[in-house]
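Colleague: Here's a sequence, model it:
(2 chains)
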Amino acid sequence: MNPSPQDAQPPFIYLNNAATTWPKPAGVLEEVACCLRQPLYEPGRTTGNGSMDYPSAAREALADFFHAGPPEHVVFTQNATDSLNLLVHGFLKKNGRLFHAITTELEHNSVLRPLTALEQDGAIRLSVVPFTDACVELAAIKKAICDDTRLVVMTHGSNVLGSVQDIRPVAEYLHANDIFFIVDGAQTSGHIPVDLSDIPVGAFVFTGHKALFGIPGIGGFFIAEPDAVAIIKQGGTGTDSRVLAHPHEMPVRFEAGTPNYPGIASLYAGIRFITSTGQEAIEKKNAGLTRSFIRGLKGMEGITIYNETPDLPVVSFDIAGIDNHEAGFILARAYNVITRTGLHCAPLVHERIDGGKGCIRASFSYFNSLDECRRAADAVREVAESANPEISSD
Amino acid sequence: MKEYVLNEPLTGSFLKFLENFGTVRFLEQLRKPYFSFEKEQFISIKGFVGESNVEVRYKKEFQDLVGDYFHLLLYYYDHGERGIPALKGQEDSIRKKMKIRLGPLPENGS
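Modeller: Here you go, the predicted model:
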């Protein structure tokens, strides 16, 4: 039997789940192993008669999970970054002319960099809407809209501040004004219920390896009207091979090449885990963990928490008198508390909250415990006291 | 960034030696006594007194000039007091090369 990572070193407290969740549910690992133990099966790509068509099963599960349909409008990609690039560049190609796009200060570089690249190429004009109290409201988006605004790309949940954006009114307004709305749900999918039957998005992006508990290398998006986005990736689809033009039917329209079957299997099992455990139960536990950690730090001089009431299990903070990278190093090596430090691929948020220095981020999952949160908070307080001897946590 | 495993655990006297060449920070009230050493334009070192692992970062723009600096620190530490002026002499030589490459630099990082 292979030893687990915890066997090889002192037990660690993993608080970097906003980057990627660990551990994965046992059922996810078993499903991946099961997938790999048999010849991979997808109609059109084999004459074999496999027992499980993972892509079809996972599409149905995801469509059900997000209350989005039809399942064929759920597209698999490598991750949220891949999805966002396909959608942003595909939308540009479809439009074929200079237009105005809007995004926000809360965004991850998977949104900012494709849009910035297009702006630098002169393909779009770009407005970046600021946040207030960790949120971007519809009023702020409306203020930025111009006559030639065609695209808005916005995060559903901030990976730094943990705030969930109220996307429904934004989606309704943009839909009524024929503006394509791409929502980056990388941080919210699996943490909170997402009901796309009630929210008229253009496209909703998800990634597999965070709160959906899949393995890295799988993600995707739901798209309401596929014709809104041009095809930018062509290749083999397992069907109509005689035809050199890439097919337009969904979902192969946006999927070229052999799928990541183990990744899809992991996503399928991750959805099953969340559904059987209960999204509400997961959300409730995560909220309790987050509150416990914040309680352990709150009120202590020398510790700045950037959002004391996050909607997601994400707590970003700084310790006075010590660089965030240094603090993260000490927490990891001296206390076995694994976090993430720096700008978290979200530079504009940090410009606003910490002058661009970056911060320490602790992020929790269903598999963390209250005891871990308390011990992690104790460790942070010790580092703060050591870096600032004049303060005390008593 | 490189991680080195030394032959022996780091000691307080090594930190005293480092103070001759840059800024040393020592946080001893932690679960493990932490230190950092910063030498502007050259190197930063992080680790824990009593442990053999250290994390070393070189300044990217001068990596080819300062890439051996950590080894020089260890080498001249073994020479005791005599090592200090010898290493400072080596630093001057490195700074001259930096100057040629980039023009005038700030005064030494101590």
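
Colleague: now the strands for the stretch 201-350 of chain A?
Modeller: Secondary structure of the stretch 201-350 of chain A, counting by DSSP state E, counting those that start in this stretch: strands at A:203-207, A:219-223, A:303-305, A:314-319, A:337-338, A:340-342.

Colleague: Same list (the ones you listed) but as JSON lines, adding mean neighbour count, mean pLDDT and distance to A:T239.
Modeller: Heads up, the C-betas are built off the backbone N, CA and C, glycines and all. JSON lines is the format used below for these (neighbours: other C-beta atoms under 10 Å in any protein chain shown; pLDDT from 0 to 100; distance: least, C-beta to C-beta, whole Å):
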{"stretch": "strand A:203-207", "mean neighbour count": "30", "mean pLDDT": "98", "distance to A:T239": "23"}
{"stretch": "strand A:219-223", "mean neighbour count": "28", "mean pLDDT": "98", "distance to A:T239": "19"}
{"stretch": "strand A:303-305", "mean neighbour count": "18", "mean pLDDT": "97", "distance to A:T239": "52"}
{"stretch": "strand A:314-319", "mean neighbour count": "27", "mean pLDDT": "98", "distance to A:T239": "41"}
{"stretch": "strand A:337-338", "mean neighbour count": "22", "mean pLDDT": "98", "distance to A:T239": "44"}
{"stretch": "strand A:340-342", "mean neighbour count": "19", "mean pLDDT": "98", "distance to A:T239": "42"}
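
Colleague: Output those in JSON lines; the columns should cover distance to chain B.
Modeller: Output for those, formatted as JSON lines (distance: least, C-beta to the nearest C-beta, whole Å):
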{"stretch": "strand A:203-207", "distance to chain B": "27"}
{"stretch": "strand A:219-223", "distance to chain B": "29"}
{"stretch": "strand A:303-305", "distance to chain B": "15"}
{"stretch": "strand A:314-319", "distance to chain B": "11"}
{"stretch": "strand A:337-338", "distance to chain B": "11"}
{"stretch": "strand A:340-342", "distance to chain B": "13"}
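
Colleague: who's in contact with B:Y75?
Modeller: The contact partners of B:Y75, by C-beta atoms under 8 Å, 6 or more residues apart in numbering or on different chains, come to B:G83.

Colleague: what's the burial count for residue 90?
Modeller: I'll assume chain A. Residues near A:G90, counting by other C-beta atoms under 10 Å in any protein chain shown, number 21.

Colleague: was after chain B, sorry
Modeller: 15.

Colleague: quick check, it in a helix?
Modeller: Yes: according to DSSP: H, G, I helix; E, B strand; the rest coil, B:Q90 belongs to a helix.

Colleague: Once you drop chain neighbours, what's closest to A:P310?
Modeller: A:G162 (2.7 Å; C-beta to C-beta, 6 or more residues apart in numbering or on different chains).

Colleague: Need the phi and psi values for that neighbour.
Modeller: phi 70, psi 20 (degrees, to the nearest 10).

Colleague: OK, contacts around it?
Modeller: A:A134, A:T290, A:N307, A:P310, A:D311, A:L312, A:P313, A:V314, A:V315, A:S316.

Colleague: could you flag which of these are buried?
Modeller: If you count burial by 16 or more other C-beta atoms under 10 Å in any protein chain shown, the buried members of the contacts of A:G162 come out as A:A134, A:T290, A:N307, A:P310, A:D311, A:L312, A:P313, A:V314, A:V315, A:S316.

Colleague: Would you format those residues as TSV with distance to B:F14 included?
Modeller: Below are those laid out as TSV (distance: C-beta to C-beta, whole Å):
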residue	distance to B:F14
A:A134	45
A:T290	41
A:N307	41
A:P310	42
A:D311	47
A:L312	44
A:P313	41
A:V314	39
A:V315	36
A:S316	35
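
Colleague: Helices of the stretch 51-200 of chain A, start to end?
Modeller: A:54-65, A:80-95, A:109-120, A:138-144, A:167-176 (DSSP state H, counting those that start in this stretch).

Colleague: out of those helices, nearest to A:A269?
Modeller: helix A:54-65 (9.1 Å; C-beta to C-beta).

Colleague: per-residue confidence at the residue of the stretch 201-350 of chain A found nearest chain B?
Modeller: The minimum distance from the stretch 201-350 of chain A to chain B, using C-beta to the nearest C-beta, falls at A:A334 (4.1 Å). A:A334 carries a pLDDT value of 96.

Colleague: Pretty sure A:I13 sits against A:L370.
Modeller: No: counting by C-beta atoms under 8 Å, A:I13 stays clear of A:L370, with 11.8 Å between them.

Colleague: Comparing these two, which residue is more hemmed in?
Modeller: The neighbour comparison of A:I13 against A:L370 (other C-beta under 10 Å) goes to A:I13, with 20 against 13.

Colleague: In contact with that one, which residues?
Modeller: A:Y335, A:N336, A:V337, A:I338, A:N368, A:E372, A:R375, A:A376.

Colleague: May I have the one helix or strand in chain B whose mean pLDDT sits lowest as CSV, with CA atoms only?
Modeller: Within chain B, no helix or strand scores below helix B:63-66, which has a mean of 85 by mean pLDDT, DSSP states H and E. What follows is helix B:63-66, C-alpha atoms only, in CSV (Å, rounded to 0.1, in the frame of the first residue of the first chain):
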residue,chain,number,x,y,z
GLN,B,63,22.5,35.6,-10.8
ASP,B,64,25.6,34.8,-12.8
LEU,B,65,27.7,37.1,-10.6
VAL,B,66,26.3,36.1,-7.2
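
Colleague: what's A:C34 in contact with, if anything?
Modeller: So A:C34 contacts A:M52, A:A265 (C-beta under 8 Å, 6+ apart).

Colleague: Only alpha carbons, please: show the helix or strand hosting it as PDB.
Modeller: For A:C34, the element it lies in under DSSP states H and E is helix A:26-37. Extracted in PDB, the C-alpha atoms of helix A:26-37 (Å, rounded to 0.1, in the frame of the first residue of the first chain):
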ATOM      1  CA  ALA A  26     -11.900   8.700  -1.500                       C
ATOM      2  CA  GLY A  27     -14.600   8.100  -4.100                       C
ATOM      3  CA  VAL A  28     -12.900  10.500  -6.500                       C
ATOM      4  CA  LEU A  29      -9.600   8.700  -6.300                       C
ATOM      5  CA  GLU A  30     -11.400   5.400  -6.800                       C
ATOM      6  CA  GLU A  31     -13.300   6.600  -9.800                       C
ATOM      7  CA  VAL A  32     -10.100   7.800 -11.400                       C
ATOM      8  CA  ALA A  33      -8.500   4.500 -10.800                       C
ATOM      9  CA  CYS A  34     -11.500   2.700 -12.000                       C
ATOM     10  CA  CYS A  35     -11.600   4.800 -15.200                       C
ATOM     11  CA  LEU A  36      -7.900   3.900 -15.900                       C
ATOM     12  CA  ARG A  37      -8.300   0.200 -15.200                       C
END
